[in-house]
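Asker: When you get a sec, could you give me coordinates for this:
(one chain, ligands or ions: 2)
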Amino acid sequence: MTDLKEYFKSTDGLLHKYIVSPSILSSDFSNLQSEILKTESFGAQWCHIDVMDGHFVPNITIGAPVVKSLKNAVKSKLDSHLMIENPLKYIPDFINAGSDIITFHIEASGDNTDECIKLIKDAGILAGISIKPKTPPSVILPYINKIDMVLVMTVEPGFSGQKFMSDAALKIKEIKNTAPKNLIIQVDGGINDETAKICADYGANCFVAGNYVYKNPDMKTAIKSLLG
Ligand code: DX5
Ligand code: ZN
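Answerer: Numbering: from 1, shown residues only. Ligands and ions are numbered 1, 2, ... in the order given. Now for the predicted structure:
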């Protein structure tokens with residue numbers, strides 16, 4: 001079994017209770033490297049990369065070449081969140097680009113879910129499955145012992161800066177009750193210090209935050225509040 005302790009350490013080696021994965025979708029893309037380095041210097045361990053294809057979600061964002069260019073430019077773990085149709089076809093690109101964590105949507109993987117997990121795990125990196133707000137957590141159960149992380153979406157995927165859906169967050173509780181002890185439970189969408197607290201009480205231990213980190217005049221305090 002993968003030792004997950006490393007993934008809770010910030011780049012200075014400090015071990016934290018929670019993982020913070022700032023979403024670069026809300027960053028200044030013209031200064032991407034320095035934006036991410038800033039989050040690292042404040043303790044964020046991961047860098048969340050929102051990959052959107054204009055089919056699975058209405059928006060188009062970035063792809064594997066951006067992950068590749070970040071690989072040697074930052075120290076953060078590269079957390080690729082694939083909001084795309086046919087993840088099986090594109091997972092190899094994101095492995096080769098240097099992702100440390102790859103999460104795909106179960107609504108998009110269909111019959112290929114096991115194959116997607118295998119591809120990611122065979123590459124020696126962490127595998128995550130994500131569910132949209134209306135997807136019941138029971139669909140993940142058959143895979144829960146084969147993956148490292150579940151990503152519970154608390155907004156409809158597609159855009160940053162949306163309002164946190166508290167109903168969707170309730171699913172964290174259900175997942176926590178059935179999950180193996182070391183499963184990372186990540187939450188994404190409308191996360192700030194208050195909503196993160198709600199999710200942490202339900203059992204989440206990894207917070208994606210776009211606007212709350214990158215659009216915050218006090219990024220340091222924002223990240224600190226999420227690290228626990
Ligand atoms: C939404 C993305 C999120 C988004 C989060 O589809 O998956 O990662 O960037 O942005 P905030 O934290 O602003 O809701
Ligand atoms: Zn995301």
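
Asker: and K176, what does it touch?
Answerer: By C-beta atoms under 8 Å, 6 or more residues apart in numbering, the contact set of K176 is I185, Y202, G203. (Each C-beta comes from the backbone N, C-alpha and C, glycine too.)

Asker: tell me the contacts of the spatially closest residue to I125 that is not a sequence neighbour?
Answerer: With C-beta to C-beta, 6 or more residues apart in numbering as the criterion, I125 has its nearest non-adjacent residue at 5.6 Å, and that residue is D100. By C-beta under 8 Å, 6+ apart, the contact set of D100 is Y7, W46, K77, L78, D79, I125, L126.

Asker: can you list those in JSON lines and add pLDDT?
Answerer: Below are those laid out as JSON lines (pLDDT from 0 to 100):
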{"residue": "Y7", "pLDDT": "98"}
{"residue": "W46", "pLDDT": "98"}
{"residue": "K77", "pLDDT": "98"}
{"residue": "L78", "pLDDT": "98"}
{"residue": "D79", "pLDDT": "99"}
{"residue": "I125", "pLDDT": "98"}
{"residue": "L126", "pLDDT": "98"}
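
Asker: between those residues, which is closest to ligand 2?
Answerer: Comparing the contacts of D100 against ligand 2 with C-beta to the ion places D79 closest, at 8.4 Å.

Asker: Okay, the closest residue in space to D28 that isn't next to it in sequence and Q45: tell me how far apart.
Answerer: Excluding the flanking residues, the one nearest D28 by C-beta to C-beta, 6+ apart is E35, at 5.6 Å. Here the criterion is C-beta to C-beta, to the nearest Å. By it, E35 lies 16 Å from Q45.

Asker: ditto for Y18
Answerer: Y18 is 9 Å from Q45, by C-beta to C-beta.

Asker: Got phi/psi on Y18?
Answerer: Torsion angles at Y18 (phi, psi; degrees, to the nearest 10) stand at phi -120, psi 150.

Asker: and A200, what pLDDT?
Answerer: Predicted confidence (pLDDT) for A200: 98.

Asker: so what does the strand or helix carrying it touch, helix or strand wise?
Answerer: Following DSSP states H and E, the helix or strand that holds A200 is helix 193-202. Packing contacts for helix 193-202, counted by 3 or more C-beta pairs under 8 Å, 6 or more residues apart in numbering; DSSP states H and E, involve helix 166-169, helix 171-178, strand 206-209, helix 219-227.

Asker: Can you give me the buried ones in the second one?
Answerer: Put plainly, it is helix 171-178. K171, I172, E174, I175, K176 (16 or more other C-beta atoms under 10 Å).

Asker: Please list all residues in contact with the second one.
Answerer: Shown in contact with I172 (C-beta under 8 Å, 6+ apart): V152, I185, V187, C199, Y202, G203, A204.

Asker: A168 reaches M153, doesn't it?
Answerer: Yes - taking contacts as C-beta atoms under 8 Å, A168 lies within contact range of M153: 6.6 Å.

Asker: Name the residues contacting each of these two.
Answerer: Common neighbours of A168 and M153 (C-beta under 8 Å, 6+ apart) are P133, G189.

Asker: who has more neighbours, these two?
Answerer: M153 (25 against 21; other C-beta atoms under 10 Å).

Asker: Look up phi and psi at that one.
Answerer: phi -80, psi 130.
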